[in-house]
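Q: Generate coordinates for the sequence data below:
(chains A and B)
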There are 2 protein chains.
Amino acid sequence: MEIKDPRNHFSKENGALSGEKTSKTIRKLKDMKGFYEDEEAFNKMDPETVLYEVEMHAPVKAGTEGGLFFGTSFLNPGKVGEEFFMTKGHFHEIINRAEYYWGLEGEGVLVFMDEDGNASAEKVCPGSLHFVPGKIAHRLVNTGDTKLAVGACWPADAGHQYGPIAESGFGVRIKEKNGTIIAE
Amino acid sequence: MEIKDPRNHFSKENGALSGEKTSKTIRKLKDMKGFYEDEEAFNKMDPETVLYEVEMHAPVKAGTEGGLFFGTSFLNPGKVGEEFFMTKGHFHEIINRAEYYWGLEGEGVLVFMDEDGNASAEKVCPGSLHFVPGKIAHRLVNTGDTKLAVGACWPADAGHQYGPIAESGFGVRIKEKNGTIIAE
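A: Have a look, this model is predicted:
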């Protein structure tokens, strides 16, 4: 029997994904209107600025029970006013679905929020591992000067709920004030 | 609000796991009686030989719907007769549960088998990514001269069925014959 070459690759250095059934989502500044506190700073920036990209391997259809998806989030360094570039953040549509994140490159923060709006924040760095339990919204923030790359694995039937976050945020923002990274 | 340090670490170089809620399983030669073809060679070896270790992060109870587990398998290099050191291999107890594997260190083979006994095999190397669909048994084999380290993520309610494999194997064995790695 032939021993086949792997159908996909996931760089252990920088998290780049390649091979069959992979795709990329690009989020620009214009996709995140209303997410940042400083609207004046937001409006002065180029709306085409790429904030982050997600590379994803989806070997089964979304919604497949028992299936899994795999991906890497790449957040560019930068700020809108004092607030660091971040992902939209989401609850899962099937609310009890968990997710794993692990840091590959760069420095950042993972923000959690439960359904009652209680938030917490954890540092992300190369070699950090983070479990996001079910019923917890999660957002990545790049607090460094270089690209933040974070691996992820989640159930194929988890889905995404962006609505609640777009409307009321995480209750906490990750900013730089007087050279210090703070959550407030 | 305080930005906490990560509670767990997962080395991007070698897959070592540490932090809260991690554990290690060690599999020795004596735990794998009947798995290898060459019983004479098996019986001549030290039964305390460590074949592989699995480090695992289990942040929720086994059986939790929507939860996930995370781990690294470390297979030592070696052979029983012509057959390379390998994991027991398993179907999931909830048979439709999938799993991801990704190569971190060393060289190996991932063997798949469906419920009808049809097998296939794929090379594992640093940077390879492998999706194991539901209903597919899977086994790792170290075909190199150094430790094989492979990351994994799977549903917390997947469970393991070792029985069918212990009884009838994978229908294919990964061996070295005349200096060549073969699946037969």
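
Q: Quick check: which element contains the closest residue to residue A:131 other than its chain neighbours?
A: Leaving aside its chain neighbours, residue A:131 sits nearest to residue B:59 (4.3 Å; criterion: Cβ to Cβ, 6 or more residues apart in numbering or on different chains). To be clear about C-beta, it is placed using only N, CA and C from the backbone, and glycine gets the same treatment. For residue B:59, there is no helix or strand it lies in under DSSP states H and E.

Q: Am I right that residue B:59 is in contact with residue A:136?
A: No. Here residue B:59 lies out of contact with residue A:136, judged by Cβ atoms under 8 Å, at a distance of 11.6 Å.

Q: neighbour-wise, which of those two wins?
A: residue B:59 (22 against 19; other Cβ atoms under 10 Å in any protein chain shown).

Q: Relative to residue B:17, how far out is the more buried one?
A: 12 Å (Cβ to Cβ, to the nearest Å).

Q: can you give me the helices for chain A?
A: A:39-44, A:163-168 (DSSP state H).

Q: For residue A:22, find the nearest of the ones you listed.
A: Minimum separation from residue A:22 across the helices of chain A (Cβ to Cβ) falls at helix A:163-168, 25.8 Å.

Q: Show the contacting residues for the residue nearest to residue A:151 when sequence neighbours are not counted.
A: Leaving aside its sequence neighbours, residue A:151 sits nearest to residue A:102 (Cβ to Cβ, 6+ apart; 4.7 Å). Neighbour list for residue A:102: A:127-130, A:150-152, B:10, B:12 [criterion: Cβ atoms under 8 Å, 6 or more residues apart in numbering or on different chains].

Q: go again using 7 Å as the cut-off
A: Taking Cβ atoms under 7 Å, 6 or more residues apart in numbering or on different chains, we find residue A:102 in contact with A:128-130, A:150-151, B:10.

Q: now, among those residues, which is nearest to residue A:40?
A: For these, the nearest to residue A:40 is residue A:150 (29.7 Å; Cβ to Cβ).

Q: I figured residue A:45 was touching residue A:29, is that so?
A: Yes. Residue A:45 is within contact range of residue A:29, at 5.6 Å (criterion: Cβ atoms under 7 Å).

Q: the more surrounded of these two?
A: A count of neighbours by other Cβ under 10 Å puts residue A:29 above the other of residue A:45 and residue A:29, at 20 against 15.

Q: Bridged to the residue nearest to the spatial centre of chain A, which residues?
A: In chain A, the centroid-proximal residue (Cα atoms, centre = their mean) is residue A:140; its distance is 4.4 Å. Beta bridges link residue A:140 to residue A:110, judged by DSSP bridges.

Q: Could you verify my assumption that it touches residue A:108?
A: Yes. The criterion here is Cβ under 7 Å, and residue A:140 meets it with residue A:108 at 5.9 Å.

Q: Now do the shared contacts for the two.
A: With Cβ under 7 Å, 6+ apart, residue A:140 and residue A:108 have common neighbours A:75, A:124, A:148.

Q: tell me which helix or strand of chain A sits lowest on mean pLDDT?
A: helix A:163-168 (a mean of 79; mean pLDDT, DSSP states H and E).

Q: buried stuff in it?
A: By neighbour count with 16 or more other Cβ atoms under 10 Å in any protein chain shown, helix A:163-168 contains the buried residues residue A:165.

Q: Stretch A:137-152 now?
A: A:137-144, A:147-152.

Q: Identify the farthest-apart pair in those.
A: Between any two of the buried residues of stretch A:137-152, the greatest separation by Cβ to Cβ is 23.6 Å, found for A:137 and A:147.

Q: How many residues are close by residue A:116?
A: Neighbours around residue A:116, by other Cβ under 10 Å: 6.

Q: check contacts around it.
A: Applying Cβ under 7 Å, 6+ apart, no residues contact residue A:116.

Q: Show me the beta-bridge partners of residue A:79.
A: Under the criterion used (DSSP bridges), residue A:79 bridges to residue A:84.

Q: Next one: residue A:171, what pLDDT does it get?
A: If you check residue A:171, the pLDDT there is 89.

Q: Surely it is in contact with residue A:119?
A: Yes. Using Cβ under 7 Å, residue A:171 makes contact with residue A:119 at a distance of 4.6 Å.

Q: The two: who's more crowded?
A: residue A:119 (18 against 14).

Q: Could you report the neighbour count for residue A:115?
A: 11.

Q: Not counting sequence-adjacent ones, nearest residue to it?
A: Leaving out its chain neighbours, the residue that sits closest to residue A:115 by Cβ to Cβ, 6+ apart is residue A:135, at 5.8 Å.

Q: Look up how far residue A:95 lies from the one you found.
A: 5 Å.

Q: Equivalent analysis for residue A:30, please.
A: For residue A:30 relative to residue A:95 (Cβ to Cβ), the value is 29 Å.

Q: before we move on, what about residue A:57?
A: For residue A:57, the distance to residue A:95 - Cβ to Cβ - is 24 Å.

Q: before we move on, the earlier item: filter the shared contacts of residue A:140 and residue A:108 down to the ones in strands?
A: Residues of those located in strands (DSSP state E): A:75, A:124, A:148.

Q: what's the burial count for the first one?
A: Look at residue A:75: counted by other Cβ under 10 Å, it has 27 neighbours.

Q: Would you confirm that it contacts residue A:143?
A: No. Look at residue A:75 against residue A:143 with Cβ under 7 Å: they stay out of range, at 9.6 Å.

Q: Identify the contacts common to those two.
A: Contacts common to residue A:75 and residue A:143, judged by Cβ under 7 Å, 6+ apart, are residue A:108.

Q: so how far is residue B:65 from residue A:155?
A: From residue A:155 to residue B:65 the distance is 10 Å (Cβ to Cβ).

Q: was I right about residue A:135 contacting residue A:96?
A: Yes. Taking contacts as Cβ under 7 Å, residue A:135 lies within contact range of residue A:96: 6.2 Å.
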